[in-house]
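Novice: predicted model and sequence below, questions to follow.
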Amino acid sequence: MSLFGVGSSVSSASPETKVANVPATHPSAPIPVQGPPLGKSLRVPLGESGFDVFPLILGGAEFGWNVDLESSHDILDAYVELGGNAIHTADSFAGGRSEHIIGQWLSSRGLRDEIVLAVRVGGHPDNPGLGPVNLVRAVEASLTRLGTDRIDVLYLDAVADTGTAIEDTLATAEWLVESGKARALGAVGYTAAQLVEARIFASAGYPRITVLDVPFNVLRRHEFDSDLRLVAGAQGVAVTPSHALEHGFLSGRHRTRVRGSLSVRGAQLAASLNRRGTRTLRALDAVGAELGVPDAAVAVAWLLAQRIVTAPIVNAYAAAHVEELVQGVGVRLSRGQLADIARASE
């Protein structure tokens, strides 16, 4: 009997049958990969949200803006093929086009039940802020664009809010959760004091904020306020940092353009990074060369090495970038490597 249990029927066939039924492949050809991707078994709890996610959340900030529909779908396909199951977007991304693109992909692939869908609301010009009326309208609009009946993690964007009382926001969120339109709550732009206030209201029956998005990476590690970090840790809030690659800078692809012709955002970034950014990239280069992975993977691995971080939100411009990012999930940085990166980014 064949080692694979199927060779006997082939070997008994005539040469003509072999040619007809078995494709001619070179003996050194790679063995085709079958079954679910290895990453599909890799899941971590998303705080107290009730969801288990891949330790890397695919962001849709560039979909419909710098990445067209077809390329966006290729990126989403590549992410799922590698085992990913969590996608993040916002009602303000490309004026809602990001949600349209993701919604079309979910429908065409039939994957809605397999994906943890996270959506940030509060920044769309049609329904700005977190006031009760606009919050409901924003969620309804996002559901329509996404072509779904529920948002798994609803991020409340306090950055775009004009001072709505937390109690009013949570009371509206309670209705959204009870009606099944949202299943768990996240926060963006909340201070430590606001998280404490929100938890007090939660003790009175309002839904809990279980996920927190903060702009955090190796170059912005001191911007994650110590009080906010302490409160998030004490409350068991899952931290899903955005800007993991600092707008692509930490991928190492744009280093030759730092002092050249850049976009307005790129020029501002280059001015702020300057020598510290260059030193950090060199440290990422050294660690990447030692481990045999790209800079982007090292940047992701650095975030995952921070105990407070559950899963970074990372955007991709091409399907090929997804594999680089996912490599970071499997990288474990040593204390020496973490120290080298920390020194370089000071």
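Specialist: The structure has been received and is ready for your questions. Numbers count the residues shown, from 1 in each chain.
Novice: all strands of the stretch 1-150 of the chain, in order?
Specialist: 44-45, 52-53, 57-59, 86-90, 116-121 (DSSP state E, counting those that start in this stretch).
Novice: to S251, which of the ones you listed lies closest?
Specialist: Among those, the nearest to S251 by C-beta to C-beta is strand 57-59 (13.9 Å). Every residue, glycine included, has its C-beta placed from N, CA and C.
Novice: buried residues in that closest one?
Specialist: For strand 57-59, burial by neighbour count (16 or more other C-beta atoms under 10 Å) applies to I57, L58, G59.
Novice: now stretch 287-303
Specialist: For stretch 287-303, by 16+ other C-beta under 10 Å, it's 287-288, 291, 293-303.
Novice: repeat that for stretch 112-119.
Specialist: Here stretch 112-119 shows R112, I115, V116, L117, A118, V119 as buried, counting by 16+ other C-beta under 10 Å.
Novice: the fourth one contacts V153, correct?
Specialist: It stands for L117. Yes: counting by C-beta atoms under 8 Å, L117 does reach V153; the two are 7.5 Å apart.
Novice: still on that earlier bit, of the buried residues of strand 57-59, which is the nearest to E324?
Specialist: L58 (12.9 Å).
Novice: wait, what's in contact with the closest one?
Specialist: Residues near L58 by C-beta atoms under 8 Å, 6 or more residues apart in numbering: I75, L76, Y79, G84, A86, I87, H88, I313, V314, N315, A316, V322.
Novice: what about the stretch 201-346 of the chain, any weak spots by pLDDT?
Specialist: 255-273 (pLDDT under 70).
Novice: tell me where it has helices.
Specialist: 226-235, 264-291, 295-304, 319-327, 335-344 (DSSP state H, counting those that start in this stretch).
Novice: quickly compare those helices and say which is most buried.
Specialist: helix 295-304 (a mean of 26; mean count of other C-beta atoms under 10 Å).
Novice: same for that helix, what does it pack against?
Specialist: helix 264-291, helix 319-327, helix 335-344 (3 or more C-beta pairs under 8 Å, 6 or more residues apart in numbering; DSSP states H and E).
Novice: who's in contact with the residue nearest the centre of the chain?
Specialist: Residue closest to the mean C-alpha point of the chain, counted by C-alpha atoms, centre = their mean, is I57 at 2.2 Å. I57 is in contact with A86, I87, H88, A118, T240, A311, P312, I313, V314, counting by C-beta under 8 Å, 6+ apart.
Novice: for these, which one is nearest L185?
Specialist: Nearest member of the contacts of I57 to L185, counting by C-beta to C-beta, is A118, at 10.7 Å.
Novice: any idea how far that closest one is from L156?
Specialist: 12 Å (C-beta to C-beta, to the nearest Å).
Novice: which neighbours do these two share?
Specialist: Residues touching both A118 and L156 (C-beta under 8 Å, 6+ apart): G186.
Novice: what is the neighbour count of E70?
Specialist: 9 (other C-beta atoms under 10 Å).
Novice: show me which of the contacts of I57 are buried.
Specialist: A86, I87, H88, A118, T240, A311, P312, I313, V314.
Novice: contacting residues for S345?
Specialist: V218, L219, R221, R276, R279, T280, A283.
Novice: closest to G180 among the residues you listed?
Specialist: The closest of the contacts of S345, once distances to G180 are taken by C-beta to C-beta, is R221, at 38.1 Å.
Novice: got the contact list for that closest one?
Specialist: By C-beta under 8 Å, 6+ apart, the neighbours of R221 are S345.
Novice: phi first, then psi, for the closest residue in space to W302 that isn't next to it in sequence.
Specialist: In space, and not counting its chain neighbours, W302 is closest to V218: 5.1 Å by C-beta to C-beta, 6 or more residues apart in numbering. Dihedral pair for V218: phi -60, psi -30, per degrees, to the nearest 10.
Novice: now V218: how far from D340?
Specialist: Taking C-beta to C-beta, one finds V218 at 11 Å from D340.
Novice: buried residues, stretch 204-221. List them.
Specialist: Buried-residue list, stretch 204-221, by 16+ other C-beta under 10 Å: 206-214, 216-221.
Novice: tabulate the CA atom coordinates of that stretch in CSV.
Specialist: Taking Å, rounded to 0.1, in the frame of the first residue of the first chain, the C-alpha atoms of stretch 204-221 are listed here in CSV:
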residue,chain,number,x,y,z
ALA,A,204,-25.1,49.9,37.2
GLY,A,205,-26.1,47.7,34.2
TYR,A,206,-24.8,49.6,31.2
PRO,A,207,-22.7,47.6,28.7
ARG,A,208,-19.0,47.4,29.4
ILE,A,209,-16.2,48.8,27.2
THR,A,210,-14.1,45.7,26.6
VAL,A,211,-11.7,46.8,23.8
LEU,A,212,-9.5,49.9,23.5
ASP,A,213,-7.8,51.4,20.4
VAL,A,214,-4.8,53.6,21.0
PRO,A,215,-2.2,54.9,18.5
PHE,A,216,0.8,52.9,19.7
ASN,A,217,4.0,51.5,18.1
VAL,A,218,7.7,51.4,18.8
LEU,A,219,8.1,55.0,17.9
ARG,A,220,5.1,56.2,19.8
ARG,A,221,5.5,54.0,22.9
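Novice: so which of the strands of the stretch 1-150 of the chain is nearest E174?
Specialist: That would be strand 116-121 among the strands of the stretch 1-150 of the chain, by C-beta to C-beta, at 15.4 Å.
Novice: direction included, what does the closest one pair up with?
Specialist: Using DSSP bridges, the strands paired with strand 116-121 are strand 86-90 (parallel), strand 151-157 (parallel).
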